[in-house]
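1. Make a model of this:
(chains A and B)
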Protein chains: 2
Amino acid sequence: MSDDTLIDRLKEIVGAPHVVTDPFEMAPYLSERRGLYEGKAAAIVKPASTEEVSRLLTLAHETKTPVIPMGGNTGLVGGQITDNARSIILALERMKKIRAIDAENNTMTVEAGVTLAAIQEAAEKEDRLFPLSLASEGSCQIGGNLSTNAGGTAVLRYGNARDLVLGLEVVLADGRIWNGLRGLRKDNTGYDLKQLFLGAEGTLGIITAAVLKLFPRPSAKAVGFAAVPELAKTVSLLHFIEARTGGLVSSFELVPRIGIDFVTKHMEGTRDPLSAPSPWYVLIELSSGGTAETLQALLTETLGAAMEEGLARDGTIAQSDAQAAALWALRENLSDVQREEGGSIKHDISVPVSQMPLFIERALEAVTKEMPGIRPVPFGHIGDGNVHFNLSQPPGMDKDAFLKEWDRFNRIVHAIALELGGSISAEHGIGQLKRDELAEIKSPVEMEMMRAVKQALDPQNILNPGKILTARQESGA
Amino acid sequence: MSDDTLIDRLKEIVGAPHVVTDPFEMAPYLSERRGLYEGKAAAIVKPASTEEVSRLLTLAHETKTPVIPMGGNTGLVGGQITDNARSIILALERMKKIRAIDAENNTMTVEAGVTLAAIQEAAEKEDRLFPLSLASEGSCQIGGNLSTNAGGTAVLRYGNARDLVLGLEVVLADGRIWNGLRGLRKDNTGYDLKQLFLGAEGTLGIITAAVLKLFPRPSAKAVGFAAVPELAKTVSLLHFIEARTGGLVSSFELVPRIGIDFVTKHMEGTRDPLSAPSPWYVLIELSSGGTAETLQALLTETLGAAMEEGLARDGTIAQSDAQAAALWALRENLSDVQREEGGSIKHDISVPVSQMPLFIERALEAVTKEMPGIRPVPFGHIGDGNVHFNLSQPPGMDKDAFLKEWDRFNRIVHAIALELGGSISAEHGIGQLKRDELAEIKSPVEMEMMRAVKQALDPQNILNPGKILTARQESGA
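-> So this is what the prediction gives:
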């Protein structure tokens, strides 16, 4: 089919205003925030309903047109970008209905294009919590969150995106619609097909709607900040607090000394909350029902007991929302302040929680040996075994020269994570950024199973081709 | 290959003493507890290692021999029974090593044949909790629990078996071993393949080992029993308590008045803990860290507040372990005492929690209309939307005549559950018992996806054939 015919048929399905072919209007859909990939496409197509997605996929199936699904375009691994100019970008942004909220069942049924922030707000209006929480929550869309199995700051208590889903509606590669929108906590009737599409980065089907789990909204929070003399003790401290509070820990985040230095230097109004410096800190948040006073008292008592056990050297508990926000600011600004210190090489690794101190120790040694003066800033979700092992450049070094070392440092850091039973992508996914590395690190049997699943659900390889699997793997060669 | 040659080759792999062909010794492996199915097999084969399972599957693949995996033989849907005399029963009972416990990572790596009780005990020794808990925990094996995505009494707080797994080791249909034994809380590196095997009832691969999640062991429990005037208020009461306690509810179980009558009549030493009768009751358990006194005070205060709101009419909180056990006895004996009252027709349904009162109301009306005098005993995990809608026979009716109505009542009750967005198998699975009904109630697209997955992973259809899918579906006809 000629390009023009394809465009005409797309317009018939979604209406002419919703097929974008003007280069200027297409541009925002063809690049991503890190600037690593520049995309191409025949058109951006914006369906308004599941039925329209189904008709688009039927057409794509018939014409063997590659289809690249796109949510809020906040992905960090190039999963939403293609360089195949025959592709259509399927933007789900017009599918933004909240179809139903069932507060008594603690569920919400939403379409793929609803932003994460809109979902959080809708839950709050019903006095419920939807716990998924990410830096990009104002613009990312739930379809993308589910397709990438997003993580964020509440995983320790509530799990990843995958754990927050009860049902899905999916359009398959040939346009058939699967209505799996169930709101059940227990349902053992055959294979759990929704698991195939969660985290598959749009390569097995297009998620068009989901039934999400809601939770009681915690009425109380308590936030503390503790100095920990040795890295190895951070994990023991986590377990101590979890045991004493019976699982009320909702965040447990590592902050290194250099992070406090960066934040207090670059962010006005911030200060070191403790009197003597320490190599490591953790930010601790408990949340529960009841009153903030009770919870603060519990955290004060627990942290006091931990200090007696030698698991922490000093600590402070926020006595007000303002104090809690000031403590969180030390953690939340860690990414931004690194920008003020020149180039930063990022990692998204995980290891078993028990291996985290050893991982950080080995990785610190390896990168420092490789480039004296480099300034590692390992921080983040140590309670999940997931730290952002970011590397700030040596002071005075040329930024571009430093960033050219990105891959080399990735290799070094990933090798240490893998040795310790870890992962090279804890929460961002594979996309195209880590696709080739994936094929190197996974066993042949695992790659073959993935290929078999891909072949079973997308035999023509039209769904987000070249993501997770290489074209060669996809074709079964 | 002749049968004798096959048996010889099996013996070469696992050793002669571990290939059972004597009819008397085979018998316990060929029948199941409900007596619904009588099985056949060429042999019972008992491998001791993953390597041996791999060699057995390679042989089965080569000879197209059906393989039926078996754990503790406690399944209730005939999933572990076959009538194909060419089959081999693969009993995992000798694979009972606990390979590793990593308390700091809150994980345990176990082989498929370890009993659930042994896993619970091993966790307890490390001051951890493995929360899966079932009536058959002394004999059921974790391989079976995971292959059937078992439920039980702690799902409300900790999820189903699927939610308690971080990694799997699986032998595929052709004998290849997939080592997916990861202990990571976050790992977004491609398709989450373990999800395929969890709950697949042994039809896609043989689970030989797993990395399980452990939790902090709650130091305190509080148990209460409340009279609820109307069914519709049970769900509101659950949400009220969850909100007030910040998610500390670990069990929330429905008990009908007739259940109290049956238990106090047949179980010596039991008594109605409340003074005035009520149509419905709930048993509530909170668990957390801290002390039992604090938690009991919280439950007392919360239940008092609920009574002021009109969500409960009366209630009692156990002040000792003995009192807690006495309250639990009212719930735990509900299955057994029905046996004393003649025949009982069972159901394993779920609906959205919000629909549960409506489901029970409609189902009560329907079955009573169908057979006046029938005595429904709906009880169980109302917090998960899963009740055992059991039906005790009318007094004086012939037991066999009543049990002949099993299918008819199943159809009536299942139809109501399905109308309300529910499931005909909440926790027991499909096996062969519900296989034909499954094909009727699922959409063609869902059945076709299941078949595609089965074909991709077991193209010769040798893994537990005739379970979940019919032979016709399996063959792709």
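2. All the helices of the stretch 301-450 of chain A, residue numbers only.
-> Counting by DSSP state H, counting those that start in this stretch, the stretch 301-450 of chain A has helices at residues A:321-332, A:334-339, A:356-370, A:399-403, A:406-419, A:435-441, A:444-457.
3. which stretch in these is the model least sure about?
-> Looking at the helices of the stretch 301-450 of chain A, the lowest mean pLDDT belongs to helix A:334-339 (a mean of 90).
4. got the contact list for that one?
-> A:135, A:255, A:259, A:262-263, A:265-267, A:344, A:377, A:379-380, A:388, A:390, A:392 (Cβ atoms under 8 Å, 6 or more residues apart in numbering or on different chains). C-beta coordinates here come from the backbone N, C-alpha and C atoms, glycine included.
5. do that again at 6 Å, thanks
-> Taking contacts as Cβ atoms under 6 Å, 6 or more residues apart in numbering or on different chains, the residues outside helix A:334-339 that touch it are A:259, A:262-263, A:266, A:344, A:379, A:392.
6. how about that helix: buried residues?
-> Buried residues in helix A:334-339, defined by neighbour count with 16 or more other Cβ atoms under 10 Å in any protein chain shown: A:334-335, A:337-338.
7. Stretch A:391-406 now?
-> Residues A:391-393, A:402, A:405 are the ones in stretch A:391-406 that count as buried (16+ other Cβ under 10 Å).
8. Closest to residue A:283 out of the residues you listed?
-> residue A:392 (20.2 Å; Cβ to Cβ).
9. Now the stretch 1-150 of chain A against chain B: closest residue?
-> residue A:104 (3.5 Å; Cβ to the nearest Cβ).
10. So for the residue nearest to that residue when sequence neighbours are not counted, what's the pLDDT?
-> The shortest distance from residue A:104 to any non-neighbouring residue, by Cβ to Cβ, 6 or more residues apart in numbering or on different chains, is to residue B:354 (3.5 Å). With respect to pLDDT, residue B:354 scores 94.
11. Could you do residue A:3 as well?
-> For residue A:3, the model assigns a pLDDT of 73.
12. now residue A:118
-> On the pLDDT scale, residue A:118 gets 98.
13. and if you look at residue A:294?
-> 88.
14. ok, and the closest non-adjacent residue to it?
-> residue A:220 (7.0 Å).
15. Next up, the contacts around the residue of the stretch 101-250 of chain A found nearest chain B.
-> With Cβ to the nearest Cβ, the shortest gap between the stretch 101-250 of chain A and chain B falls at residue A:246, namely 2.9 Å. Neighbouring residues of residue A:246 by Cβ under 6 Å, 6+ apart: B:218, B:288-289.
16. mind redoing it with 7 Å?
-> Contact partners of residue A:246, counting by Cβ atoms under 7 Å, 6 or more residues apart in numbering or on different chains, are B:218, B:287-290.
17. could you pick out which of those are near chain A?
-> B:218, B:287-290 (Cβ under 7 Å from any Cβ of the partner chain).
18. Regarding the spatially most central residue of chain A, which helix or strand does it belong to?
-> Taking Cα atoms, centre = their mean, the centroid of chain A lies closest to residue A:150, which sits 3.4 Å from it. Residue A:150 belongs to no helix or strand when assigned by DSSP states H and E.
19. now the residue lying closest to it once chain neighbours are set aside: how far from residue A:168?
-> Take residue A:150 and drop its neighbours on the chain: the residue closest to it by Cβ to Cβ, 6+ apart is residue A:161, 4.5 Å away. Residue A:161 sits 12 Å away from residue A:168, going by Cβ to Cβ, to the nearest Å.
20. neighbour count winner among those two?
-> Ranked by neighbour count (other Cβ atoms under 10 Å in any protein chain shown), residue A:161 and residue A:168 place residue A:161 first, with 27 against 24.
21. tell me the contacts of the residue nearest to residue A:371 when sequence neighbours are not counted?
-> Once flanking residues are discounted, residue A:371 sits nearest to residue A:394: 6.8 Å by Cβ to Cβ, 6+ apart. Residues counted as contacts of residue A:394 (Cβ under 7 Å, 6+ apart) are A:371, A:373-375.
22. Reformat the residues you listed as CSV; add distance to residue B:139 and pLDDT.
-> Shown next, in CSV, are the contacts of residue A:394 (distance: Cβ to Cβ, whole Å; pLDDT from 0 to 100):
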residue, distance to residue B:139, pLDDT
A:371, 58, 97
A:373, 62, 97
A:374, 57, 98
A:375, 57, 98
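23. what two of the residues you listed have the greatest distance between them?
-> A:371 and A:375, at 9.9 Å, using Cβ to Cβ across those.
24. Of those two, give the one with the bigger neighbour count.
-> Shown here are residue A:371 and residue A:375; by other Cβ under 10 Å, residue A:375 has more neighbours (21 against 16).
25. In the sheet, which residues pair with that one? Tell me.
-> residue A:392 (DSSP bridges).
26. Kindly report the same for the one 4 residues further on.
-> According to DSSP bridges, residue A:388 are recorded as the beta-bridge partners of residue A:379.
27. and it, what does it touch?
-> A:254-256, A:259, A:334, A:387-388.
28. switch to 6 Å and redo it
-> A:254-255, A:259, A:334, A:388.
29. before we move on, what about residue A:131?
-> So residue A:131 contacts A:154, A:158 (Cβ under 6 Å, 6+ apart).
30. give me the element it is part of.
-> Here residue A:131 is assigned to no helix or strand, by DSSP H and E.
31. Among the contacts of helix A:334-339, which ones are in strands?
-> A:344, A:379, A:392 (DSSP state E).
32. Next one: the first one from residue A:423, what distance?
-> Put plainly, it is residue A:344. Taking Cβ to Cβ, one finds residue A:344 at 21 Å from residue A:423.
33. Which of those two has more residues huddled nearby?
-> Shown here are residue A:344 and residue A:423; by other Cβ under 10 Å, residue A:423 has more neighbours (23 against 20).
34. Number of residues surrounding residue A:265?
-> 11.
35. hmm, back to that, between the contacts of residue A:379, which sits nearest chain B?
-> residue A:388 (12.0 Å).
36. Around that closest one, count how many other residues there are.
-> 20.
37. What separation do you get for the residue of the stretch 1-150 of chain A closest to chain B and residue B:246?
-> Separation of residue A:104 from residue B:246 (Cβ to Cβ) stands at 19 Å.
38. Let me see the ranges of the helices in the stretch 151-300 of chain A.
-> A:155-158, A:194-197, A:232-245, A:257-266, A:292-308.
39. Identify whichever of these lies nearest to residue A:41.
-> Closest among the helices of the stretch 151-300 of chain A, using Cβ to Cβ: helix A:194-197, at 22.6 Å.
40. Write out the residues of the stretch 151-300 of chain A neighbouring chain B.
-> When proximity is defined by Cβ under 6 Å from any Cβ of the partner chain, the stretch 151-300 of chain A lies next to chain B at A:151, A:176, A:178, A:183-193, A:195, A:199-200, A:216, A:218, A:235, A:242-247, A:288-289.
41. Phi first, then psi, for the residue of the stretch 101-250 of chain A closest to chain B.
-> phi 70, psi 40 (degrees, to the nearest 10).
42. now it: how far from residue A:278?
-> 28 Å.
43. and what of residue A:99?
-> 50 Å.
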